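1. Predicted structure and sequence below. I'll ask about it afterward.
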Amino acid sequence: MTLESYESGRIIIKETHPAMSVYFIWCGSVYVNQKETDVRTDRVFDLTVNLLKPGDWFGERGVLYRTKHNVTVISRGYVELLVVRGKDFHEILANSVLDKTQAAIQYLSELPLVSAWPVHLLSSSPDFIYAKYFKYNSIVVQCSPNNRPDWIVAVKRGSCRIIIEFLEHAKEKDSFTLPIVPPSVCLVSANYKLRDNRRIVRRRYMQLNTVEPGECFGIQLIYNKPACRMSLMSRGSECVLVKRHFFIKNTNPDLLRLFRTESGYFPEKSQLVGAINEQNKWKLFKKQIIHELH
């Protein structure tokens, strides 16, 4: 066990490299990056999926199951890490992690939807499941039209938000009529960028839904591609994650039909854009009415 320090921008662990140690953050913070593909250009780039701070740790799954890292971790600034070598980790902490894995398997077996799936197979393949607490506003999983999530997520405690991101093209000025507002739509934020020809490109972030304890995210995406970039964002939650390809490999056609019926679906991009436009028009209408009354 050693204490190591890194300057800003240093790669600490690299995706696809063998896992040799587990790292506990003593001070500072690190970015967790994953490979992502741009849907418009097919260009592969690094996407930051998490920010880890003092008290967090990383690298444990690769060491525990003797696999390669599936993320790259880079120091955000000066950082000090307590480094536990693989052999020491197995002697000191491995049993505690494995007990947590067995508790996660037991939890899945009690969920009405997932219990129809052969959960017992995870006992002999524990590297395809893990449980973790995700801090408020940290990203649990992400996906896009070209990349479905690697993990299926079951929320055990707390809750998560499903956030949709997409680009919207609009004229600089729009006319409107009185709309019917869908009650489930919640606009989180929007960034604006002017372009030529009096066009505006808006990057939209919309909360599509919440995932509560006992509910799952990702089963809907087994048979449907996401319409746009989608993130599952924690509101302070303990989650159980199952590797997607292992889940599908052990799912028969009858189960697929059950999941399609019971897990619901995500709306198309045109429906999302239409819902946001209607909500914005409604807000503008109310603003004008209030202005006229004064």
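-> Nice, thanks for sending it over. Only a predicted model underlies this, so the values are computations on that prediction, with no experimental measurement involved. Numbers count the residues shown, from 1 in each chain.
2. where does the stretch 1-150 of the chain have low pLDDT?
-> By pLDDT under 70, the low-scoring segments of the stretch 1-150 of the chain are 38-40.
3. can you give me the strands for it?
-> Taking DSSP state E, counting those that start in this stretch as the test, the strands found in the stretch 1-150 of the chain are 2-6, 11-13, 21-27, 30-37, 44-52, 57-58, 72-75, 79-85, 129-143.
4. in stretch 250-262, what counts as buried?
-> Buried residues in stretch 250-262, counted by 16 or more other Cβ atoms under 10 Å: 251, 255, 258-259. The C-beta positions use only the backbone N, C-alpha and C, and glycine is treated the same way.
5. what's that stretch in contact with?
-> Identification of contacts with stretch 250-262 by Cβ atoms under 8 Å, 6 or more residues apart in numbering yields 113, 116-118, 121, 219, 222-223.
6. By neighbour count, which of those residues wins?
-> Ile219 (25 neighbours; other Cβ atoms under 10 Å).
7. how close does it get to Leu108?
-> Distance of Ile219 to Leu108, computed by Cβ to Cβ, to the nearest Å: 12 Å.
8. what does the domain assignment say about the chain?
-> Listed by automatic domain parsing, the domain ranges of the chain are 1-92, 98-294.
9. how long is the shortest one from one end to the other?
-> Spelled out, that is domain 1-92. Its first and final residues considered, domain 1-92 spans 11 Å by Cα to Cα, to the nearest Å.
10. just to revisit the earlier point, is it possible to get CSV of the strands of the stretch 1-150 of the chain that adds distance to Arg161 and mean neighbour count?
-> Shown next, in CSV, are the strands of the stretch 1-150 of the chain (distance: least, Cβ to Cβ, whole Å; neighbours: other Cβ atoms under 10 Å):
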stretch, distance to Arg161, mean neighbour count
strand 2-6, 32, 13
strand 11-13, 28, 18
strand 21-27, 25, 19
strand 30-37, 19, 18
strand 44-52, 15, 15
strand 57-58, 24, 17
strand 72-75, 25, 21
strand 79-85, 29, 19
strand 129-143, 9, 19
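11. what about the stretch 151-294 of the chain, any weak spots by pLDDT?
-> Within the stretch 151-294 of the chain, the stretches with pLDDT under 70 are 168-202, 263-280, 285, 294.
12. All the helices of it, residue numbers only.
-> 244-249, 253-262, 269-293 (DSSP state H, counting those that start in this stretch).
13. what's the shortest one packed up against?
-> Counting by 3 or more Cβ pairs under 8 Å, 6 or more residues apart in numbering; DSSP states H and E, the packing neighbours recorded for helix 244-249 are strand 151-157.
14. before we move on, back to that, what's the most distant pair in the buried residues of stretch 250-262?
-> Thr251 and Leu258 (9.4 Å; Cβ to Cβ).
15. could you check the distance from the spatially closest residue to Met20 that is not a sequence neighbour over to Asp150?
-> Excluding its sequence neighbours, the residue lying closest to Met20 (Cβ to Cβ, 6 or more residues apart in numbering) is Gly86, at 5.7 Å. Relative to Asp150, Gly86 is positioned 23 Å away (Cβ to Cβ).
16. for Phe89, same thing?
-> Phe89 sits at a distance of 23 Å from Asp150 (criterion: Cβ to Cβ).
17. Among the two, which residue is more densely surrounded?
-> Neighbours were counted for Phe89 and for Asp150 using other Cβ under 10 Å; Phe89 has more, 19 against 15.
18. these two touch, right, the more buried one and Val63?
-> Yes: taking Cβ atoms under 8 Å as the definition, Phe89 is a contact partner of Val63 at 5.3 Å.
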